[in-house]
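In: Let me see the structure of the following:
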Amino acid sequence: MTNLSIQFRPAEPADAAAIRDIVCAAYSRWVPVIGREPLPMRADYDKAIREHQFDLAVENGEIVGLIETMRHDDHIWIENVAVAPKAQGRGIGRLLLDSAERKAIEAGCPELRLLTNGAFEANVLLYRRHGYAIDREEEFMNGITVYMSKTLDRRTVA
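Out: Numbers count the residues shown, from 1 in each chain. Okay, here's the model as predicted:
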């Protein structure tokens, strides 16, 4: 990983278009793999920004990645992680996952959960390398949805 000068900030309503652009660019590589647009490409980000927590990775004033989370009583749900294609491969996705883990620990949540498409093999591998385990797999839209979770060290969760 190169030396990153990434800053994090919460998203604001004015960031919805930039978020949409990054998500569409990041997920477009999967369209030929699954034969359709992945669901995050179809989301209403104006609405999502009002309802969910978005943390943005910013480099030199430009948004280069994002993580969308939702707080539940017993876990933090990761709805979406996306990194702009030109910024991929530099560890930004890992930094975003680390930020969600810190937030979960600060909130006293013992677990992070997410799902991904089984055809997104690189993503499944990234999550597994980051300590996530596969909980179950289910058929969905002619593919397989992979549900994953990471239990946080109880000593660090308040």
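
In: can you pull the buried residues of stretch 60-71?
Out: For stretch 60-71, the neighbour count (16 or more other Cβ atoms under 10 Å) marks 63-69 as buried. To be clear about C-beta, it is placed using only N, CA and C from the backbone, and glycine gets the same treatment.

In: Start and end of stretch 82-89, how far apart?
Out: Distance across stretch 82-89, first residue to last, is 12 Å (Cα to Cα, to the nearest Å).

In: Just the residues contacting it, thanks.
Out: 22-23, 25-27, 29, 40, 57, 59, 63-66, 92-93, 96 (Cβ atoms under 8 Å, 6 or more residues apart in numbering).

In: Let's see that with 10 Å instead.
Out: Residues from elsewhere that reach stretch 82-89, judged by Cβ atoms under 10 Å, 6 or more residues apart in numbering: 1-2, 4, 6, 18-19, 21-29, 40-41, 57, 59, 62-68, 90-96, 122.

In: could the buried residues of stretch 60-71 be laid out in CSV, adding secondary structure, distance to His75 and pLDDT?
Out: Output for those, formatted as CSV (DSSP: H, G, I helix; E, B strand; the rest coil; distance: Cβ to Cβ, whole Å; pLDDT from 0 to 100):
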residue, secondary structure, distance to His75, pLDDT
Ile63, strand, 26, 97
Val64, strand, 27, 97
Gly65, strand, 22, 97
Leu66, strand, 20, 98
Ile67, strand, 15, 98
Glu68, strand, 15, 98
Thr69, strand, 10, 97
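
In: quick check, nearest of those residues to Leu152?
Out: Thr69 (14.0 Å; Cβ to Cβ).

In: Now do the residue nearest to Ile144 when sequence neighbours are not counted: how many residues are near it, please.
Out: Counting by Cβ to Cβ, 6 or more residues apart in numbering, Ile144 lies nearest to Gly118, which is 3.5 Å off, once chain neighbours are set aside. By the criterion of other Cβ atoms under 10 Å, Gly118 has 18 neighbours.
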